[in-house]
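# pasted the sequence and its predicted model underneath.
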Protein chains: 2
Amino acid sequence: MAKMEILQGTLDMLILNALKLGPNHGLGVSRRIQQITRGAFEVGPGSLFPALHRLEDQGWLVSRWGESENNRRAKYYQLTAAGKRQLQAEAESWEHISLVITRALRAT
Amino acid sequence: MAKMEILQGTLDMLILNALKLGPNHGLGVSRRIQQITRGAFEVGPGSLFPALHRLEDQGWLVSRWGESENNRRAKYYQLTAAGKRQLQAEAESWEHISLVITRALRAT
DNA sequence: ATACGCTATATCGAGTGTCGATATGAGAGA
DNA sequence: TCTCTCATATCGACACTCGATATAGCGTAT
């Protein structure tokens, strides 16, 4: 019996998902989300960075300062083991919930 | 390029959807959502009634006082033409967005 | 009669998330 | 140096969800 709240966690899930293939920095995560969703989703910095800090506070990401492809200083985020488990759990929950909603909308 | 905000409108969409087969009162809508989603979603009064009032304010529902099946006074909500169009639009948007997210999660 | 329980609508405050705008800093290139 | 761009960060406004609580009416049992 899910609440509607879980849909608010979708951005967090997409961020974890964008990091599952390897570490990346903030704006890189944003770009990767846009790529993977074929431009369907756009994440501005006002949503992105609070989300990254949330996820790090919860122990699902760790960060370290490094250099971006263009020699800019950038903070690289990486999934932790707990983050991978969290992504797995959220992905399964999403599969279930999205299917249920889609069926509800299609039902006569 | 959708924002994450649209996912917050999912409850509104489910309410409109619950009314597409005919008018119903508040708690009836809540029960119908629970039925249609096979118990996957639970909507408490603290989320339900603000949502109903939102939708009425936007002209997507109209209400009239009546009597429930058990002779209780109840406010019946009904989709307007604009509400049907809105439901249609939101359902199409949902189909697209949910597919995109599901594909993103499944992608290697 | 009256006390209780159920249905039904409604509202409140706390917590949270998203967004646009803005700020800060640092490297690249002219 | 001056400017542009990348990159991180924060702020306040706004909206939504939620649990808890309030109000009211009807039915039923005591």
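It's in.

# now the strands for chain A?
Remark: strands assigned in chain A by DSSP state E are A:24-25, A:61-67, A:73-79.

# counting by contacts, list what the last one packs against.
In this case it means strand A:73-79. Under the contact definition 3 or more Cβ pairs under 8 Å, 6 or more residues apart in numbering or on different chains; DSSP states H and E, strand A:73-79 sits against strand A:24-25, helix A:26-36, helix A:45-57, strand A:61-67. For glycine as for every other residue, the C-beta is placed from the backbone atoms N, C-alpha and C.

# and it, C-alpha only, in CSV?
Backbone C-alpha positions of strand A:73-79 (Å, rounded to 0.1, in the frame of the first residue of the first chain) are rendered in CSV as follows:
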residue,chain,number,x,y,z
ARG,A,73,37.2,21.2,-10.6
ALA,A,74,34.3,18.9,-10.2
LYS,A,75,32.9,16.7,-7.4
TYR,A,76,32.6,13.1,-8.5
TYR,A,77,29.9,11.0,-7.1
GLN,A,78,30.0,7.2,-6.8
LEU,A,79,27.4,4.6,-5.8
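
# can you pull the buried residues of that strand?
By 16 or more other Cβ atoms under 10 Å in any protein chain shown, the buried positions in strand A:73-79 come out as A:74, A:76-77, A:79.

# kindly reformat those residues as TSV containing pLDDT and distance to A:Gly46.
As requested, those are exported to TSV (pLDDT from 0 to 100; distance: Cβ to Cβ, whole Å):
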residue	pLDDT	distance to A:Gly46
A:Ala74	97	18
A:Tyr76	98	21
A:Tyr77	98	18
A:Leu79	98	23
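
# for chain A, give the residue positioned nearest to DNA strand C.
A:Gly46 (2.3 Å; Cβ to the nearest atom of the strand).

# quick one, what contacts that residue?
If a contact means Cβ atoms under 8 Å, 6 or more residues apart in numbering or on different chains, then A:Gly46 has no contacts.

# give me the most central residue, chain A.
A:Ile15 (1.7 Å; Cα atoms, centre = their mean).

# hmm, that one is touching A:Ala51, no?
Yes: counting by Cβ atoms under 8 Å, A:Ile15 touches A:Ala51, with 5.7 Å between them.

# compute the inter-axis angle for the longest helix along chain A and helix A:45-57.
Counting residues, the longest helix found in chain A (DSSP state H) is helix A:81-106. Interaxial angle of helix A:81-106 relative to helix A:45-57 (axes from the mean of the first three to the mean of the last three Cα atoms, to 10 degrees): 130 degrees.

# need the residues of chain A near chain B, please.
Contact residues, chain A versus chain B (Cβ under 8 Å from any Cβ of the partner chain): A:1-4, A:7-8, A:10-11, A:13-14, A:17, A:21, A:33-34, A:36-44, A:47, A:91, A:94-98, A:100-102, A:104-105, A:107-108.

# quick one, what contacts A:Leu16?
A:55, A:60-61, A:79, A:83, A:86-87, A:90.

# how far away is it from A:Ala40?
Distance, A:Leu16 to A:Ala40, by Cβ to Cβ, to the nearest Å: 18 Å.
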